[in-house]
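Engineer: Compute the structure for the input listed below.
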Amino acid sequence: MSNKRQNSANELRRQAFDLAGRAVNEDKKGHREKAKKYYLEVINMFGAIVQTEPDQTERDKISTKCHEYKMRVEQLDGELKNAIDIPNTHTISHGSTLDNLLNQAQSIQNQAQSQEEQKNYVEALDLYTKAAEIFFNAIKETKNGSLHQQLTTKVNHLLERAEELKAVRSANYGKNPSSYKLTQKEIDILKHTSNINGRNYLPWDETDLKEEFKDNKLFLDPDGPVPLSDKQKENFGGWKRPSDIMSNPKMITRICSSAIKEDIVNDCSFVASLCVSAAYERKTRKQLITRCIFPQVNDVPIYNPNGKYVIKLIFNGIARKVVIDDLLPVSRDGTLMCTFSTNKGELWPSIIEKAVSHTLITITTGDMTDDKADEVGLVPTHSYAVLDVREINGLQLLQVKNPWSIKRWTGPYSHLDANNWTPDLMSLLNYDRLQAAHNDDEYNPQFYLEIKNDTNKKSLTYILLSKHITITGTGENRDFITLNLYKSDGKRIYYQSKPWKALRFDAPHGESRYTIVVDNKNQEASEMKSLEFTLKCYCESQFKLTEIPKHYPIEKQVKGRWTAQTAGGNPDDITYLNNPQYRISIAPSSCISPGDKLRIHLMLEGPKEYAMHVNLVWGKGKRITSVLAKDILVESAGYHFGFCYCEMEDIRPGDYTIVVSTLEPGLIGDYILTVASNFNFSLTPIPLEGAGLFRRDINGEWIKGFNAMGCDDNADYNKNPCCHIKIKEMTTVKIRLQAPDIKPSPMLSVKIYEKHPIKFLGNEIGNSGLYASYPQGVCTNEVTLQHNNEVQKLSHLNLLRRELPGKLIYATNFKLDCYPKLLPVT
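Structural biologist: From the prediction side, this is the model:
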């Protein structure tokens, strides 16, 4: 570029920026006509500069400024349309009665025009009439002939427009077209969750645009000021209105994310949301911020000297109305102590923050080593939401939530602390450690999503979940929800398997089906309560979204515990027979309509670190001591950590046995067994083997060549180990024989004989059946022995393993003072 052309370009740039400065100054003074004229000249000059500027960065800067001035011209056009020039008053308290009336009437007229543009003619008619009445009252207050004439013309114009609108039937307008109508249940939910912290935030209605923003006194929020953080309180100087700290406050100068500044509250998530919204609106020209702040002129939010604003916020499933004043917290030196804009006099970030400031209380952690953080389950230098604060018998407890959900508190009073969580304390706080340590998907709401994509490209799909909040910062708001998406043909999900996708995904060509699980991940209380939410789907293709009903209408739940006595382990463990067992009885009368099948669902929940299993066995409702594959009707898929389930589609009436077990024996902990079905049933615990009987263990061994003589086909059968029982009254005995140290389990048998006066063995009166090699051993049925009878018990071992040791166990119902005397046979 030649020097001459360069000098010419520089001169044009200088003139343009000088003129821009004059435009801004006139704008600040309230001279809208002059400001608009200068802005238009600057826009033309900037257009010429962009054509010749070689530097792309400079072109972008000038284009941005040009766009800002164009937006301001549009705002000025709206303000100038039918506007009346009135003296500039920064606060309504210092203005005259005439000024107040003009401000109020002009604001209502602006609302009327906005309603008319949206074709809400009934609302517009009311507002035009109201504005005309106030302008007429202003005529009575003025002695200025010119202003009197302007106001008279204004009133006539408004009344004419009102007459034109009277002919319009309101039923044809003012409704948002929608193919979906809310059900009564959905309406009740939205109504119930309108009350938050004792304040009502009703669903947004277009009639809210009729809100009167002008009054003869400054507006004050009837609910009082919002609570301040500790850091704010340390340097708090007072509540100030924008007119007290700004010479020319404006609601919006320009929407720009870079102008948003976070204060000492450090509400990162809120500020980040504002920045994203501002950047999106600036980039796409789609209103996210400017459409939610009222009052407005030509769809642009304006500063209200009266201090009253209505914010349209979407929460608890629907757009709602939030009314606030403009009092802002300032420090002792007069600086704002809230989120604010670096654009001079701009208010929108502070106003929006105030509207949402009732919804969150947080605490932060300090710096700590990784080892210490892992030890206690905290994230260093991180914010936590405060859910509850309690003091019980001098014990102060604070319940907090980690929004990241990547670490969980493991210190005192965590879900792992069995010592401090006494039954009394858990009862007072409505807390259940097992419930806190585990949650499942089966009892979370689930939805079926079907997408029909007829195009040759993928369909962008968004799923939006919003939880309804009715109280914040207290123990009532202790639930956090999320959603998971599974590609499962819309079937109900039970396992907490890894979700396929969530929130945003591309649906492939053709028809695809999904299951959406709304998951209450962080419920800490064991009590059942309602939790409302709204689930929405947005998709480029046609779709269907419906709730998946529960498969089983009848449900029973049992809370139990694996103890040192009942933690029996898996079927290969000798103690498996001691596991908790339940009898489920299905009466023939439970049968439903012909053609329908009886279905059953078993679900077991327990500590997440325990691998567990549940099965349904042909046990006739009695305790089983060992299990074979042929005996199992249905079982969970192996041992699964923290949770397992199984279900059967066709079961016959009768009595069955349910066994709940862990993979390893000796694992002590709580569990929850849930049985659900489409028919009536009864569920009762089965007592342990020998319950109510006195137990005595006898340890012995088989020695090769001495007493390991095998079955009764052998001549030396009588030399097998045996013992005498001497009783003093009629009693019942039950004998179990085990060989815990022999692997694999040998073939065993045990028999009971009467004592014969001559022979070594009398009549056989009880046995364990055929030889069997169960890890749990073999057992006789209960045998009744008569008073003063003397009985021998003889155990048998397979001939091939005579040298192996064994263990003999028996039980009797004798009282302690009359228990039998055991005498070894010599």
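
Engineer: From here on, just use CA atoms for contacts and neighbour counts.
Structural biologist: Will do.

Engineer: Outline the domain layout of this structure.
Structural biologist: 3-80, 92-174, 195-359, 363-437, 446-547, 554-685, 694-824 (automatic domain parsing).

Engineer: and of those, who's closest to Ile187?
Structural biologist: domain 195-359 (10.2 Å; Cα to Cα).

Engineer: sorry, back to before: just put the domains of the chain in CSV and tack on distance to Ile189, mean neighbour count and mean pLDDT.
Structural biologist: Compiled in CSV, the domains of the chain are given as follows (distance: least, Cα to Cα, whole Å; neighbours: other Cα atoms under 10 Å; pLDDT from 0 to 100):
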stretch, distance to Ile189, mean neighbour count, mean pLDDT
domain 3-80, 40, 16, 77
domain 92-174, 24, 18, 73
domain 195-359, 9, 18, 81
domain 363-437, 23, 14, 70
domain 446-547, 7, 17, 73
domain 554-685, 25, 19, 90
domain 694-824, 55, 17, 70
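
Engineer: and those as a markdown table, adding distance to Asp188?
Structural biologist: Shown next, in a markdown table, are these (distance: least, Cα to Cα, whole Å):
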| stretch | distance to Asp188 |
| --- | --- |
| domain 3-80 | 40 |
| domain 92-174 | 23 |
| domain 195-359 | 12 |
| domain 363-437 | 26 |
| domain 446-547 | 10 |
| domain 554-685 | 26 |
| domain 694-824 | 58 |
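
Engineer: What ranges does the stretch 351-500 of the chain have for its strands?
Structural biologist: Assigned by DSSP state E, counting those that start in this stretch, the stretch 351-500 of the chain shows strands spanning 362-364, 383-392, 395-401, 446-453, 459-467, 482-486.

Engineer: So which of those is nearest Pro423?
Structural biologist: strand 383-392 (13.7 Å).

Engineer: ok so, going back, relative to Gly621, which of the strands of the stretch 351-500 of the chain is closest?
Structural biologist: Closest among those, using Cα to Cα: strand 446-453, at 33.9 Å.

Engineer: What strands flank that closest one, and is each parallel or antiparallel?
Structural biologist: Strand pairing for strand 446-453, using DSSP bridges, gives strand 510-519 (antiparallel), strand 542-547 (antiparallel).

Engineer: Centre of the chain to the shortest one, how far?
Structural biologist: For strand 542-547, the distance between its averaged C-alpha position and the chain's averaged C-alpha position is 21 Å (Cα atoms, centre = their mean, to the nearest Å).

Engineer: circling back to that earlier point, quick one, which of the strands paired with strand 446-453 is nearest to Pro746?
Structural biologist: strand 510-519 (49.3 Å).

Engineer: quick revisit: quick one: the strands of the stretch 351-500 of the chain as TSV, columns for distance to Thr57 too.
Structural biologist: Converted to TSV, these look like this (distance: least, Cα to Cα, whole Å):
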stretch	distance to Thr57
strand 362-364	41
strand 383-392	38
strand 395-401	45
strand 446-453	42
strand 459-467	34
strand 482-486	43
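
Engineer: quick one, helices of the stretch 51-200 of the chain?
Structural biologist: Applying DSSP state H, counting those that start in this stretch to the stretch 51-200 of the chain gives helices spanning 56-80, 97-117, 121-141, 145-166, 184-192.

Engineer: Surely Ser749 is in a helix?
Structural biologist: No: using DSSP: H, G, I helix; E, B strand; the rest coil, the assignment for Ser749 is strand, not a helix.
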